[in-house]
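> Compute the structure for the input listed below.
(2 chains)
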Protein chains: 2
Amino acid sequence: MEIKYKMWLEKDGEVIAGNGKVGLLKMIDEKGSIQKAAEKYSMSYRHAWGIIQKMERRSGIKLVETQVGGKEGGGAQVTSQGKRLLNQYDAFRKGLDQSVASKFKGAFKK
Amino acid sequence: MEIKYKMWLEKDGEVIAGNGKVGLLKMIDEKGSIQKAAEKYSMSYRHAWGIIQKMERRSGIKLVETQVGGKEGGGAQVTSQGKRLLNQYDAFRKGLDQSVASKFKGAFKK
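This is a model prediction of the structure:
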C-alpha cells in the first residue's frame, strides 16, 4: 500500500491554487511570457491569463506584471510577491512529501 | 490563506480508501451491522457491501466478517486486521494534520 495526497491553497473557502496553477505561474516565470507558458500547457493565452487573474483576485496578491510592446511583442514577469509564493509553495510541498513518506512508514509498515 | 489536503491509500495504482470509505468501515465497526452503517450514509446495503468488498479485493485484507441469522437477522464485525487498518489510518491522518498545520505556518506565515 502507498499513500497519495493532493494539496491546495484556499482563502475564504475559495481555491487559490494547487499544483497545476502553481506550475503555470512557475512556467511564466521561466519563459518570461504568458503566451509561451500557455503553449507549454496547450492552453490559450486568454485561458492562462484568466487563471492568473483569478489567483490574484482570490489571494489578494499581484502575481504577474505584463509589459506591452517591444521587439518580442511584450512579456510577463512574476512579481517578487509571486516568486515568494512559488518558493513558499515549493518548500512546503517538499517538506510535506518527506513528512508524508516517513509518517506513512511509521503508521503502516509495522 | 490556508492549506487543504486530501489523502487516500492506493495499491498497484488502484484506490483502496480515502476518508469516506474508511468512515464507512468505522461505522460498521460501531454499529456491528452493514445495514445500519449503510443507513447512516443514506446508501443501500448492497452499495455499502460493494464498497467494502472492493476495499478487501484491492487491499488483499479481509476487513469485515458477516454472521447470518440470529435474533437481529445477522450482523457484521470488523476483523482484527480491519481494526488495525482503521487505527493506522487514524493515527496517520492525525499526525499528518498536525504536520501540515505546523509546516504551513513555517512556510507561509513569514
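> what sits against the most centrally placed residue in chain A?
Within chain A, one residue has its C-alpha closest to the average C-alpha position: by CA atoms, centre = their mean, that is residue A:22, at 0.8 Å. Residue A:22 is in contact with A:86, A:89, counting by CB atoms under 8 Å, 6 or more residues apart in numbering or on different chains. For every residue, glycine as well, the C-beta is placed using N, CA and C.
> got it, and residue A:11?
A:58-60, B:1-2.
> that older thread, now name the helix or strand holding the residue nearest to the centre of chain A.
Assigning secondary structure by DSSP states H and E places residue A:22 in helix A:19-31.
> Tell me the buried residues in that helix?
Using 16 or more other CB atoms under 10 Å in any protein chain shown as the test for burial, helix A:19-31 gives A:21-22, A:24-29, A:31.
> Alpha carbons only: can I get it in CSV?
Provided in CSV are the C-alpha atoms of helix A:19-31 (Å, rounded to 0.1, in the frame of the first residue of the first chain):
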residue,chain,number,x,y,z
ASN,A,19,0.0,22.1,-8.2
GLY,A,20,-1.5,22.9,-11.7
LYS,A,21,-1.9,26.6,-11.2
VAL,A,22,1.4,26.9,-9.3
GLY,A,23,3.0,25.1,-12.3
LEU,A,24,1.6,27.7,-14.7
LEU,A,25,2.9,30.5,-12.6
LYS,A,26,6.3,28.9,-12.5
MET,A,27,6.3,28.4,-16.2
ILE,A,28,5.5,32.1,-16.8
ASP,A,29,8.5,32.9,-14.5
GLU,A,30,10.7,30.6,-16.6
LYS,A,31,9.6,31.8,-20.0
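> could you give me the average pLDDT of it?
If you average the pLDDT over helix A:19-31, you get 94.
> what's the distance between residue A:66 and residue B:53?
Distance check for residue A:66 against residue B:53: by CB to CB, to the nearest Å, it reads 55 Å.
> Sorry, wrong one. I was asking about residue A:23.
38 Å.
> got it, and residue A:55?
From residue A:55 over to residue B:53 (counting by CB to CB), the distance is 42 Å.
> Neighbour count: the two, which is higher?
residue A:55 (22 against 12; other CB atoms under 10 Å in any protein chain shown).
> pretty sure the more buried one is touching residue A:18, no?
No. At 10.7 Å, residue A:55 and residue A:18 do not qualify as touching, with contact defined as CB atoms under 8 Å.
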